[in-house]
Every structure is written in C-alpha cells, then in structure tokens.
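**Q** all I have is the shape, not the residue letters:
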C-alpha cells in the first residue's frame with residue numbers, strides 16, 4: 001500500500017510537472033508568436049522609416065532645386081532691372097536730345113523768319129526809289 005501511495009504520489013508529481021511544462025511550453029509558444037509579431041512590426045517600421053527618409057530626401061532635392069531656380073530668377077530680375085534703368089536713362093537722354101533739337105529747330109525757324117523778313121525788307125528797299 002505504501003508503495004502504491006508512493007507511486008500515486010509520484011504520478012501526481014509527474015502530472016503536476018507535465019502541466020507546468022505544458023503551460024511553460026504554451027507560454028513559450030505565445031512569447032515566440034509575440035516575438036515574431038514584434039519583429040514583423042520592427043521590420044515594417046524600418047521599411048516605413050526608409051520610405052520616409054527617401055521621401056524627405058526627395059523633398060530636400062526639390063526644395064534645393066526650387067531655391068536654385070529662385071536664385072537664378074532673382075539674378076535675372078536684377079539684371080533686367082539694371083537693363084531697364086539703363087534704357088530709361090538712354091530714353092531720358094534721347095528725349096532731352098529731341099527737345100534740344102526741337103528748341104534748335106524752333107530757333108532756326110525763328111532765325112529763318114527773321115532772315116526772310118530782312119530779305120523782304122532788302123528787296124523792298126532795292127525796289128523803292130531812292131529818296
């Protein structure tokens with residue numbers, strides 16, 4: 001009887017040990033599955049980070065291209081403004097020259113009118129009898 005009780009006790013111990021090991025195995029399986037999920041999530045996060053870095057790099061390249069285009073445009077605008085200033089100065093000089101020529105023409109016409117009047121007087125004086 002003692003021997004049977006010992007065997008029963010031993011079977012109970014083995015059964016308890018088996019249950020414990022089964023729970024530990026189940027826990028280990030659960031942990032493995034969780035570990036796999038965590039690894040998959042990590043890999044996805046790495047992929048997403050890579051995509052975001054690529055997108056950020058592309059945005060930086062676009063921003064740099066836009067900045068360079070703006071600088072080029074600004075340089076062109078400044079050059080055109082300088083050309084406009086130069087043309088405005090030339091236009092002002094041309095307008096002054098036209099005005100000066102107009103003044104000279106007006107003066108020449110006045111001189112011509114005076115000369116014509118003097119010529120008329122001279123003709124009249126030649127044709128009139130001498131007093």
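**A** Perfect, I can see it now. The model shown is predicted, which means the values in this text are computed figures rather than measured ones. Numbers count the residues shown, from 1 in each chain.

**Q** how many residues are close by residue 120?
**A** Residue 120 has 10 neighbours, counted by other CB atoms under 10 Å. In this view, the C-beta of every residue, glycine as well, is placed from N, C-alpha and C.

**Q** tell me which element it is part of?
**A** helix 2-127 (DSSP states H and E).

**Q** same for that helix, what does it pack against?
**A** Here helix 2-127 touches no other helix or strand, going by 3 or more CB pairs under 8 Å, 6 or more residues apart in numbering; DSSP states H and E.

**Q** pLDDT on that helix, on average?
**A** Helix 2-127 carries an average pLDDT of 95.

**Q** and it, how far out from the chain's middle?
**A** From the chain centre to the centre of helix 2-127 is a distance of 2 Å (CA atoms, centre = their mean, to the nearest Å).

**Q** now do residue 118 against residue 23, distance only.
**A** Distance, residue 118 to residue 23, by CB to CB, to the nearest Å: 138 Å.

**Q** kindly apply the preceding question to residue 113 instead.
**A** According to CB to CB, residue 113 stands 129 Å off from residue 23.

**Q** again, but for residue 93
**A** Distance of residue 93 to residue 23, given as CB to CB: 102 Å.

**Q** again, but for residue 64
**A** For residue 64, the distance to residue 23 - CB to CB - is 60 Å.
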